[in-house]
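**Q** A predicted structure for the sequence below; I have some questions about it.
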Amino acid sequence: MKVLSVHRLYLSAALTLPLVAVHGMAQAGFDPVTEEDELALVYGSSDSVSIATGNLQTLRRAPAVATVITAADIAAMGATDLDQVLESVPGVHVNRTPNSSSPLYVVRGIVSAYTPQILMLQNGVPITTAYIGNKGNIWAGYPLEHIARIEIIRGPGSALYGSDAFSGVINIITKGPGEVQGTELGARTGSYQSRDAWLQHGGKLGPVEVAAYLRAGHSDGNDRTLDADAQSRNDTLFKTHASLAPGPLNNQYRALDGNLDLIYGQWRARFGYKKRYDMGTGAGIASALDPVGRQQSERITSNLAWAEPQVTRDWGLGASLATQQYSQEVNTWYQLLPPGATFPTGTFKDGMIGVPETWERTYRLSGYADYSGFNDHHLRVGLGHDDIELFRVHEWRNFNYAANGTPIPLPAVIDTTNTTPFMRPQRRKVDYLYLQDEWNLAKDWNLTAGIRHDHFSDFGGTTNPRLALVWDASFDLTAKLLHGRAFRAPAFLESYGISNPVALGNPNLKPERNATTEIAFNWQARSDATVNLTFYRYDMKNIIRTVPNPVPGTGATYANTGDQTGHGIELESNWSVTRDLRLAGNYAWQRSIDQTTHTDAGYAPRHHAFGRGDWNFASGYQAGAQLNWVAGRMRAFGDARPAISDYTTVDLTLATRAGRKQWNFALALRNAFNTDVREPSPAPGLSLPHDLPMAPRTISLQASYKM
């Protein structure tokens, strides 16, 4: 690892020393908190994690760098969407795409057009979409009321989870019968005509434990003005005046979410529904403002699982069958370019119109066995089969492409599904086997070793190991040395896209690869204060990018090209100052270098700091404040624009915390000082030269009642 600059170490020390002083006070007899449950006064239990090994473990001793955020954490933040929560995690920053304003979860400087390099799970099951390889671009948020906890691992996880657990893993665990008792109803209103209402219930139906959740909402979305777009550049080149910029972003949406959770003995069935419709296109599908295009996505998930932790004295078994059906459809035709857009091939009088749609389904069958019959060992072996199918595509459009990639206007919008589609149906099958051993090799020393082999029907096999050595150096200090490899399988768009010379698919693509080494320290400074410090280095290979085709002017093709290395530090601390006051903060510093150009990989913040304070006062009232500082975002190679401006935002929350059969209220003010927040647009910045403006000051008021 390169030596970190001195002033970075000074900053780390500055953040750590106050808690060192706290530790000294505790040793001198000034520790006012002695009960273990004082650590959860505001937040509930957040000291255990399950996704590190598949078994529940204390966070401090888990063989991974992990963060756990509970429902009580979320309430204290005043957060209304998953993105706001993830921004508080050290080493994680939420970027945006121009296309649909979809969030990109950037971990440790690893970012790409759709950022499929992070694996998202819902209750331990991937929600990956096959088309572009991430959670789906028509996203429009994820509600928080039904979330029990969120577990985040930073670093590779392919030895346990396979593809896409590349830069990290996010596991959203929804509330089950144990977390929902009785009935709760709630409503929220806020800026941009945002409205939400939800109902959740937990109880028993005979011998079956039941938890159910239903939410409906809509919003006009952030409508900040975009002063220049892709058509602005076309107007300059072709002496036209078609651009709709300056004009507002199109971020409106309607939402419907539902969950049903049933438990009967060792059996558990979960069903999920997530629909986004009448949804705008953000800055435009082609980075040109589109006020008329509307789209929708529908995700239907199910999971039937059986687990018996102790079939015999030494054996535990489990199995599950999970399904996902996902579709992306167009409600109103996309206007890729506005009316009057002109090229040497002709003018689009009604605008350049495209209507690509996809339907896919995934089946995942898996099983595992735990064995603890060997002294000081806990073995787990698992296997599974995934069947991933993009079974239908459909496209309408009023253009074709010339040999040099220039669009050619057609006299009408036609169905090109059976003639020149953007893709044809595809199917991929994956078989995998993994082995993991948790070995207590000596007093205070634990070694977790794992390896997984995945075989893909379209490109072959890949094997990914990991090692994690955890040492309880003292009663209040744990040290970890971690190393793992990960991979990301090519998405169907990257492998099989056709009829679009701008970005042709390449069926010969191989997986992206990543190797990461981490050194982490977890210090229990006192019973009510913790400090965590992590150093890491990663090495990416076979990065999938578009490269120009050999014949000039004929577009590009996806290829495995280029490598990237990165290293950094992450520092976080939590302190329950009193029963009623809690402080938390983190700082992340990173450098990511594109090895082809030997320049900064761009987009991700070099510095990211987050701080939070929560105060319980009077009787049943809570006030909170949080600060988010994002700095040092460099441009990617070939982007001549100045580095994007740093920003600092402040959020404020005031809420009641009454018991059952009483109303609770929460008032949240986000970006209180109305900072101009912008996320970087893709290089070289010709389409959106002034980046993507984020929401200004917003306010929300929430009311809920527990019966």
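**A** The structure has been received and is ready for your questions. Since this is a predicted model, take the numbers as computed values, not measurements.
**Q** tell me the contacts of the residue lying closest to Asn250 once chain neighbours are set aside?
**A** Spatial nearest neighbour of Asn250, chain neighbours left out: Gly280 (3.4 Å); criterion: CB to CB, 6 or more residues apart in numbering. (C-beta placed from N, C-alpha, C; glycine too.) By CB atoms under 8 Å, 6 or more residues apart in numbering, Gly280 lies in contact with 100, 221, 249-253, 290, 293-295.
**Q** make it 6 Å
**A** Residues near Gly280 by CB atoms under 6 Å, 6 or more residues apart in numbering: 250-252.
**Q** does Gln335 have beta-bridge partners, and which?
**A** Beta-bridge partners recorded for Gln335 (DSSP bridges): Ile353.
**Q** What separation do you get for it and Gly293?
**A** Per CB to CB, to the nearest Å, Gln335 is found 6 Å from Gly293.
**Q** Which residue ranges of the stretch 401-550 of the chain form strands?
**A** 407-415, 426-442, 445-456, 460-474, 477-488, 512-526, 529-541, 544-548 (DSSP state E, counting those that start in this stretch).
**Q** Equivalent analysis for the stretch 601-707 of the chain, please.
**A** 607-617, 621-631, 647-656, 663-670, 678-679, 692-693, 698-706.
**Q** Identify, out of those, the most deeply packed stretch.
**A** Mean neighbour count, computed with mean count of other CB atoms under 10 Å, is highest for strand 692-693 among these, reaching a mean of 22.
**Q** any idea how far the most centrally placed residue in the chain lies from Met77?
**A** Compute the mean C-alpha point of the chain, and by CA atoms, centre = their mean the closest residue is Tyr105, 4.3 Å away. Distance of Tyr105 to Met77, computed by CB to CB: 17 Å.
**Q** For Gly602, list the residues it contacts.
**A** 634-636.
**Q** Got a ChimeraX select line for the buried ones in those?
**A** Selection of buried members from the contacts of Gly602 for ChimeraX, criterion 16 or more other CB atoms under 10 Å:
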select :634,635,636
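**Q** hmm, who's touching stretch 417-430?
**A** 356, 386-391, 393-395, 454, 456-458, 492, 496-497, 499-500.
**Q** Kindly reformat the strands of the stretch 401-550 of the chain as TSV containing mean neighbour count, distance to Pro684 and mean pLDDT.
**A** Output for those, formatted as TSV (neighbours: other CB atoms under 10 Å; distance: least, CB to CB, whole Å; pLDDT from 0 to 100):
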stretch	mean neighbour count	distance to Pro684	mean pLDDT
strand 407-415	13	20	94
strand 426-442	17	31	97
strand 445-456	19	34	98
strand 460-474	17	33	97
strand 477-488	21	25	98
strand 512-526	21	23	97
strand 529-541	20	22	97
strand 544-548	16	13	90
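**Q** and the closest residue in space to Tyr371 that isn't next to it in sequence, how many residues sit next to it?
**A** Nearest residue to Tyr371 in three dimensions, chain neighbours excluded: Leu379, at 4.5 Å (CB to CB, 6+ apart). By other CB atoms under 10 Å, the residues close to Leu379 number 16.
**Q** Tell me the predicted confidence for Leu379.
**A** Reading off the confidence values, Leu379 has pLDDT 97.
**Q** where's it relative to Thr463, distance?
**A** 19 Å.
**Q** Over to Asn616?
**A** From Asn616 to Thr463 the distance is 51 Å (CB to CB).
**Q** what does Tyr253 give?
**A** Tyr253 is 41 Å from Thr463, by CB to CB.
**Q** again with Thr578
**A** Using CB to CB, Thr578 is found at 51 Å from Thr463.
**Q** go on, Arg670?
**A** Distance from Arg670 to Thr463, by CB to CB: 45 Å.
**Q** what does Ala640 give?
**A** 42 Å.
**Q** just Gly555 next, same as before
**A** Distance from Gly555 to Thr463, by CB to CB: 35 Å.
**Q** contacting residues around the closest residue to Leu692 other than its chain neighbours?
**A** Excluding its sequence neighbours, the residue lying closest to Leu692 (CB to CB, 6+ apart) is Glu679, at 4.8 Å. Listed by CB under 6 Å, 6+ apart, the contact partners of Glu679 are 95-96, 692.
**Q** if we go to 8 Å?
**A** Taking CB under 8 Å, 6+ apart, we find Glu679 in contact with 95-96, 644, 691-692, 694.
**Q** again, but for Trp315
**A** With contact set as CB under 8 Å, 6+ apart, Trp315 has these partners: 369-371, 373.
**Q** hey, what's the residue nearest to Ser191 when sequence neighbours are not counted bridged with?
**A** Leaving aside its sequence neighbours, Ser191 sits nearest to Thr698 (CB to CB, 6+ apart; 4.0 Å). Per DSSP bridges, the residues bridged to Thr698 are Arg670.
**Q** Surely Thr698 touches Tyr192?
**A** Yes. With contact defined as CB atoms under 8 Å, Thr698 reaches Tyr192; the gap is 7.2 Å.
**Q** can you give me the strands for the stretch 101-250 of the chain?
**A** Taking DSSP E, counting those that start in this stretch, the strands of the stretch 101-250 of the chain run over residues 103-107, 118-122, 125-126, 147-154, 168-174, 182-190, 194-205, 208-219, 225-226, 247-248.
**Q** Now list whatever residues contact both of Gln335 and Gly293.
**A** When contacts are counted by CB under 8 Å, 6+ apart, Gln335 and Gly293 have Gly284 as shared neighbours.
**Q** For the helix or strand encompassing Glu570, what does the pLDDT average out to?
**A** Using DSSP states H and E, the element containing Glu570 is strand 564-578. On average, the pLDDT along strand 564-578 is 97.
**Q** Paired strands for that strand, with orientation please.
**A** Sheet pairing for strand 564-578, using DSSP bridges, gives strand 529-541 (antiparallel), strand 581-594 (antiparallel).
**Q** Name the residues of that strand that come out as buried.
**A** So, applying 16+ other CB under 10 Å, buried residues of strand 564-578: 564-576.
**Q** same question, stretch 262-278
**A** The neighbour-count criterion (16+ other CB under 10 Å) identifies 262-263, 268-277 as the buried residues of stretch 262-278.
**Q** export those to a markdown table and tack on pLDDT and distance to Ala623?
**A** Below are the buried residues of stretch 262-278 laid out as a markdown table (pLDDT from 0 to 100; distance: CB to CB, whole Å):
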| residue | pLDDT | distance to Ala623 |
| --- | --- | --- |
| Leu262 | 98 | 39 |
| Ile263 | 98 | 37 |
| Arg268 | 98 | 38 |
| Ala269 | 98 | 40 |
| Arg270 | 98 | 36 |
| Phe271 | 98 | 38 |
| Gly272 | 98 | 34 |
| Tyr273 | 98 | 35 |
| Lys274 | 98 | 33 |
| Lys275 | 98 | 35 |
| Arg276 | 98 | 33 |
| Tyr277 | 98 | 37 |
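**Q** For those residues, work out which two are farthest apart.
**A** Of all pairs drawn from the buried residues of stretch 262-278, the greatest distance, 31.4 Å, lies between Ile263 and Tyr277 (CB to CB).
**Q** So what does Ile263 have for phi and psi?
**A** Backbone torsions for Ile263, taken as degrees, to the nearest 10, come to phi -130, psi 130.
**Q** Distance of it relative to Pro693?
**A** According to CB to CB, Ile263 stands 45 Å off from Pro693.
**Q** Out of the buried residues of stretch 262-278, flag the one nearest to Ala130.
**A** For these, the nearest to Ala130 is Lys274 (16.7 Å; CB to CB).
**Q** That closest one reaches Gln296, doesn't it?
**A** No. Using CB under 8 Å, Lys274 is not in contact with Gln296; the gap is 11.0 Å.
**Q** Now for Asp676, how many residues are close by?
**A** Asp676 has 11 nearby residues by other CB under 10 Å.
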